[in-house]
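Undergrad: predicted model and sequence follow; I will ask about them next.
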Amino acid sequence: MGTFNGPIRNINLLELEQPLGRRLPRGFNAFRLKEWQAFQLSNDDWFVCLSVYNTKTVGIAIVMAYSKTEQRMYRYEHKVPYWKLQVPNGLHDSRCFYHSKDFSIDIHNHLDKNLFEIAISAVNFENMPNFNARWTIFHTTEPCVIVQPFAPNRPLYSHKALMTAEGEVSFASNISPFAVNSSCAIVDDHKGFYPYVMQYDWVTALGFDKPGGLIGFNLTDNQIQDKERYNENCLWQDGRMIPLPPVTVERPNGVDADWHIKDNYGLVQLTFTPLADVPNHLNLGIAAFKYHGPTGRFTGHIVNPAGNLVSFDDFIGMGEQKYIRM
């Protein structure tokens, strides 16, 4: 268990002995392991979040594309039986995908070559504008890789990294180029034996503080034990991953108003103002999904190890308030 700054090649969580307790057979492990691969991508015109998500009950393929010029969210999503999509076991020479006649997400993971390739197609999708995108993303900075405990033998694994990106988005026949010197991305490869009731708060942002100065953060308040020792909070700056202490996310006026993110040491002082939400609610009786994932604007700062304030004023990013009973 711990936080690491390099990748893990063999994600062998299904080999664990009794992570869910002695009464459940080992074959039940795969059914309880929640898995997804997600990316956030940003340039001058777009902030895009895409995910292929396998709850082992429902599969969700989603693209949330926020137009910075229009200040409008476009959402492309399919909920399908979980076996109709694939989340791979690791990032070395693997594929994550969902395909249908009007919507597809293809992710080729080439961590052995320090890059990812993504293709998205949403054509004739529910009277929405056509959305097509292709990106190459370069894994050349220090990642935040965690293996951390929900319980003593019940881990959460995640690999997150801030990276540069290049490619293009085609939206309603308009082309927006993603130039490598002004475009960036964050990957989240994620697997965990979450509790039956899964809930967490999460915020992230990425961008440039100067030409070539790629910065970003990942901040989560989740169900991990001993958060002073184990958390997935970090600042990325100058190609380095800098661990941060536990944080809290407060919403005194509700999910649509300002979120306040802070720690107990004065290192994290951020405010997140939602601009466009993508609420997602599903109730199947024994299973329920209550989700808010707005894109929004940040103000505030994080203090780096040198004692300098790293400003995130006017950075576009996103947050999540997630509750899943499944």
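TA: Noted; the coordinates are in hand.

Undergrad: quick check: mean pLDDT of stretch 78-96?
TA: Across stretch 78-96, pLDDT averages out at 96.

Undergrad: contacts made by it with the rest, please.
TA: 7-11, 35-37, 52-62, 97-98, 100, 103, 105-112, 116, 159, 187, 189, 282 (CB atoms under 8 Å, 6 or more residues apart in numbering). Where you see a C-beta, it was placed from the backbone N, CA and C, and this is true even at glycine.

Undergrad: which parts of it are buried?
TA: Across stretch 78-96, burial judged by 16 or more other CB atoms under 10 Å covers His78, Tyr82, Leu85, Gln86, Val87, Pro88, Gly90, Leu91, His92, Ser94, Cys96.

Undergrad: buried ones among the contacts of stretch 78-96?
TA: Among the contacts of stretch 78-96, those classed as buried by 16+ other CB under 10 Å are 7-8, 11, 35-37, 52-55, 57-62, 97-98, 103, 105-111, 116, 159, 187, 189.

Undergrad: what is the least confident helix or strand in this structure?
TA: Counting by mean pLDDT, DSSP states H and E, the chain has its least confident helix or strand at strand 280-283, which shows a mean of 79.

Undergrad: how distant is the very next helix or strand once past that one from the center of its chain?
TA: Later in the chain than strand 280-283, the nearest helix or strand by DSSP states H and E is strand 288-292. Distance of strand 288-292 from the chain centroid (CA atoms, centre = their mean, to the nearest Å) equals 16 Å.

Undergrad: next helix or strand past strand 288-292?
TA: strand 295-303.

Undergrad: direction included, what does that following strand pair against?
TA: Strand 295-303 pairs in its sheet with strand 268-276 (antiparallel), strand 309-311 (antiparallel), strand 315-325 (antiparallel), by DSSP bridges.

Undergrad: buried stuff in it?
TA: Result for strand 295-303 [16+ other CB under 10 Å]: buried residues Thr295, Gly296, Arg297, Phe298, Gly300, His301, Ile302, Val303.

Undergrad: do I have it right that the last one meets Gly266?
TA: I take that to be Val303. Yes. Judged on CB atoms under 8 Å, Val303 makes contact with Gly266 at a distance of 7.0 Å.

Undergrad: how about Leu14, phi and psi?
TA: Reported as degrees, to the nearest 10, the phi and psi values for Leu14 are phi -70, psi -10.

Undergrad: flag the shaky bits of the stretch 151-300 of the chain, pLDDT-wise.
TA: Nowhere does the stretch 151-300 of the chain drop to pLDDT under 70.

Undergrad: rerun at 80
TA: Scanning the stretch 151-300 of the chain for pLDDT under 80 picks out the ranges 282-289.

Undergrad: now the strands for it?
TA: 154-171, 174-178, 184-192, 197-210, 213-221, 234-237, 240-243, 248-250, 259-262, 268-276, 280-283, 288-292, 295-303 (DSSP state E, counting those that start in this stretch).

Undergrad: buried residues in the longest one?
TA: What it means is strand 154-171. Those would be 154-171, for strand 154-171 by 16+ other CB under 10 Å.

Undergrad: so who does Ile224 touch?
TA: Going by CB under 8 Å, 6+ apart, the list of residues near Ile224 reads Gln148, Pro149, Phe150, Leu156, Tyr230, Asn231, Glu232.
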